[in-house]
Structure formats: structure tokens, C-alpha cells
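Asker: Predicted model and sequence below, questions to follow.
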Amino acid sequence: MKRIIIILFALASLQNSFAQNNLNAADDLGRIALTPVIIEESGIPSYARKVLSSKLKEMATKNGMASTTVSPRFVITASVNLLNKEMTSTAPPMTAVELATTIYIGDAISGQLFSTYTYNSVKGLGTNDQRAYLAAFKNLKASENELATFIDNGKQKIIEYYNSQIDFLLAEAKSLSDKEDYEGAMNLLASVPDVCKEAYTKAMKEIAIVYQKKIDVEGAKFYNQANAAWSTNKSKEGAKACIDLLANINPLSSSAAAGNALVKQIESHYAEIAAYNRMVKEREWEYKVMVEAEERQLQRDKMNLNHELAMRQSDNASLASQMALEEVKKNTELFLKKGPSIVTDVAEKVSTWFL
């Protein structure tokens, strides 16, 4: 009895490690499966545990309850008591052991024991303790009927356990959910096998509620973070940070609609910026075209003015030439009219140079 209590306590102590694992495939969750577990308190030497674990797996497999899951709840385990050990008088001396072996089916999370089966004592002989134990375990045999009854009793007790405890499991799952331990709540609910029809139906209904609550809470958190990221930094970096956060919102979350609206807001913001940029570029282009047109007109006006000035200068030069010619002509005519008197005057003036 003391050994059984120790094993149950050890099984219950596995609760945390089992509960932290992820959910398994539906075909594993939908049936009752037994996972071989050998613990240190079992009295089984470490070198023999692998052999005995294989034996337990074989038993579960033959009765359709083998487990492939990595997060077992229901386990098949064993304990061993050494009844007798002696050295033979043969040459060389041999080690002889006599073992009493009991196997158990229980709940590794609650520590509840469902079924036990005790083998008749078995003997093993070997050149040392290790080989003697291994020989004894290999000699473990039980009729298929006895093993089938043992395993079937365990299965029925598991079904009875769930049918009677489902309301408590639902309450526990709700408590975990209220603490925002959604994974723990869903793991607990998903552990209800589908062979427990009524309990399974209730568990699946509740797991849907827990999951919806989970994605609603997570969605709201991501939306608030995304909205803050965008509100405080309406740049490309802010938009990217916002979109990355919104991508984490489950489409079934109650925050999905708000997330989509925020995405459209960002798209609208950048559409307005794009439209504004296009308008600015169009105005810049129109201004450039206008400036170039004015520059060309200015050049034309300048050329026309230069041409007009040149023409005027040419006209003025012609007028000056005509006036000069007229003056020369006038002076010539005057000179000719004076005739000799002019010559005399000139001669008189020049002669004074030589006086």
C-alpha cells in the first residue's frame, strides 16, 4: 500500500510538465490512450526500465489503447518488490532474484488510480544483478483475458471519472480561463475523450467559448498596440509597425473588424498623400512650363527690341550721313561762291607763317 501511495503521488507531481505541452492531433485527443511511464520510486533499476516500459507498451497496444502522444494524461506504470535474492552454488556462481510486479492504470494529472494487476512472482537468473532482473522481466507473462480485463476496468473507470467529474472540469477550465490561462483551460477540456459522449460534448462546447475569449482578448491587445503605433507615428515606419501588429489578430476575433477599419484608414491616409503629391507635381510641372514659356517670350521680346534698336541706330546713322553730306555740300557751295577771296584769305594767313 505504501508503494501505491508513493506512485500516485509521483504521478500527480507530473501534472505541471504534462499540462505545459501543446494540444495533440484530434485522433489522439478523441480516444483513451495509455502511455507507459516508469518512475524512480517504482523500485525498478534504471537499466531495466526500458525493458519493462516496452512490456507495458505491448500490453496497451494489444488492447487498442496505445498512445503516440507526447503529453500523456492516462498512464500505465509498474512497481517491483524484490522478494528474494541469492547466489547459486554453481560454478560460476549465478544471481537469482524473485520479483513481485504490479502494474497500474491511472491519471497522471490528478494522481487517481483506476486499475491494478499483480503478477505472480517471477524469477530471473543471471551472471549478475542486472542480467537477473532482465531475465525476470522477460518472464513476465499474463493471460490475454486477465490483461484485457485489467485494461478494460481501467478504461471504464476513466469513462466513469469523466462522466461524474465533467462539471468540476468545466468549472476548473473556467477558472483557468478567467485567469487568462487559455492554453491550460483548453488542454484540460481537450483531454476529455470522445467515448465519454455527454462529457465530451460539454467539453467541446466550452472549449469553443474559451478559444473565442482567447482570440478576443489577444485581438483587443494587438489592436490597441497597433492603433497606438499608428496614432503616434504616421510614417512608413509607423504604418509597418501597425500592420505587423494587426496581422496577429485572428480573423474570428471581435477586433478583426476594427483592425480592418484601421488598415483602410492607413490606406486612405496614403491615398490622400499620393493625391497631394500628384497635385504638387502637376503644379510644379505647370509652373515649369509657364516659366519656360515666359523665358522664351522674354528672349523673343529681347531679340525684337535689339532688332528695333539696331534698325533705329541704322536709320540714325543714315540720317547723320545725309546731314553731314548736306553740310559738306552746303560748305562746298559756299566755298565756291566766295571763290578767289577765299584763296586770298588763305594765302594771307599762310604767308604769316613765314614772316
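Answerer: Looks like it came in fine.
Asker: Neighbours of Asn145, how many?
Answerer: By the criterion of other Cβ atoms under 10 Å, Asn145 has 8 neighbours. Every residue, glycine included, has its C-beta placed from N, CA and C.
Asker: ok, now the one 4 residues further on?
Answerer: Applying other Cβ under 10 Å, we find 14 residues neighbouring Thr149.
Asker: can you check the one 5 residues further on too?
Answerer: Applying other Cβ under 10 Å, we find 26 residues neighbouring Gly154.
Asker: Please name the nearest non-neighbouring residue to the residue sitting nearest the centre point of the chain.
Answerer: Per Cα atoms, centre = their mean, the C-alpha nearest to the average position across the chain is that of Asn248, at 7.1 Å. Once flanking residues are discounted, Asn248 sits nearest to Phe222: 4.7 Å by Cβ to Cβ, 6 or more residues apart in numbering.
Asker: Can you tell me how far that neighbour is from Lys155?
Answerer: Separation of Phe222 from Lys155 (Cβ to Cβ, to the nearest Å): 43 Å.
Asker: Can you show me the helices along the stretch 251-355 of the chain?
Answerer: 256-338, 340-351 (DSSP state H, counting those that start in this stretch).
Asker: Okay, and Ala78 sits in which element?
Answerer: strand 74-87 (DSSP states H and E).
Asker: Might you list the low-confidence residue ranges for the stretch 101-250 of the chain?
Answerer: Low-confidence segments of the stretch 101-250 of the chain (pLDDT under 70): 142-144.
Asker: Quick one: the strands in the stretch 1-150 of the chain, in order.
Answerer: For the stretch 1-150 of the chain, applying DSSP state E, counting those that start in this stretch gives strands covering 35-36, 74-87, 95-107, 113-118, 122-126.
Asker: Show residues contacting the fourth one.
Answerer: Outside of strand 113-118, the residues that reach it under the criterion Cβ atoms under 8 Å, 6 or more residues apart in numbering are 4, 8, 74, 100-107, 142, 146-147, 150-151, 153-154, 157-158, 161.
Asker: mind listing what that strand pairs with, with the direction of each?
Answerer: If you go by DSSP bridges, strand 113-118 pairs up with strand 95-107 (antiparallel).
Asker: buried residues in the strand it pairs with?
Answerer: Neighbour-count burial for strand 95-107, counted by 16 or more other Cβ atoms under 10 Å, picks out 95-107.
Asker: what do you get for stretch 77-84?
Answerer: So, applying 16+ other Cβ under 10 Å, buried residues of stretch 77-84: Thr77, Ala78, Ser79, Val80.
Asker: Give me the contact list for that stretch.
Answerer: Residues contacting stretch 77-84 (Cβ under 8 Å, 6+ apart): 3-4, 7, 11, 36-39, 41-44, 52, 56, 96-104, 106, 121.
Asker: returning to that earlier point: among the buried residues of stretch 77-84, which one sits closest to Ala208?
Answerer: Thr77 (33.8 Å; Cβ to Cβ).
Asker: Name the residues linked to the closest one by a beta bridge.
Answerer: Tyr104.
Asker: Local confidence estimate at it?
Answerer: What the model reports for Thr77 is a pLDDT of 86.
Asker: same check, this time on the one 10 residues further on
Answerer: The pLDDT attached to Met87 in the predicted structure is 90.
Asker: where's the nearest residue to it once chain neighbours are set aside relative to Glu86, distance?
Answerer: Leaving aside its sequence neighbours, Met87 sits nearest to Pro93 (Cβ to Cβ, 6+ apart; 4.9 Å). Applying Cβ to Cβ, the value for Pro93 to Glu86 is 10 Å.
Asker: ok, now Ile109?
Answerer: Between Ile109 and Glu86 the distance is 41 Å, computed by Cβ to Cβ.
Asker: Neighbour count for the two, which is higher?
Answerer: Between Ile109 and Glu86, Ile109 has the larger neighbour count (other Cβ under 10 Å), namely 20 against 11.
Asker: Pretty sure that one sits against Arg73.
Answerer: Yes: counting by Cβ atoms under 8 Å, Arg73 is a contact partner of Ile109 at 5.5 Å.
Asker: any chance you could read off phi and psi for Thr90?
Answerer: Note on Thr90: its backbone torsions stand at phi -80, psi 170 [degrees, to the nearest 10].
Asker: how about it, what does it touch?
Answerer: Counting by Cβ under 8 Å, 6+ apart, there are no residues that Thr90 touches.
Asker: Need the pLDDT of it.
Answerer: The model reports Thr90 with a pLDDT of 83.
Asker: separation between it and Leu125?
Answerer: 10 Å.
Asker: again with Cys242
Answerer: Taking Cβ to Cβ, one finds Cys242 at 74 Å from Leu125.
Asker: Among the two, which residue is more densely surrounded?
Answerer: Between Cys242 and Leu125, counting by other Cβ under 10 Å, Cys242 is the more crowded of the two (25 against 15).
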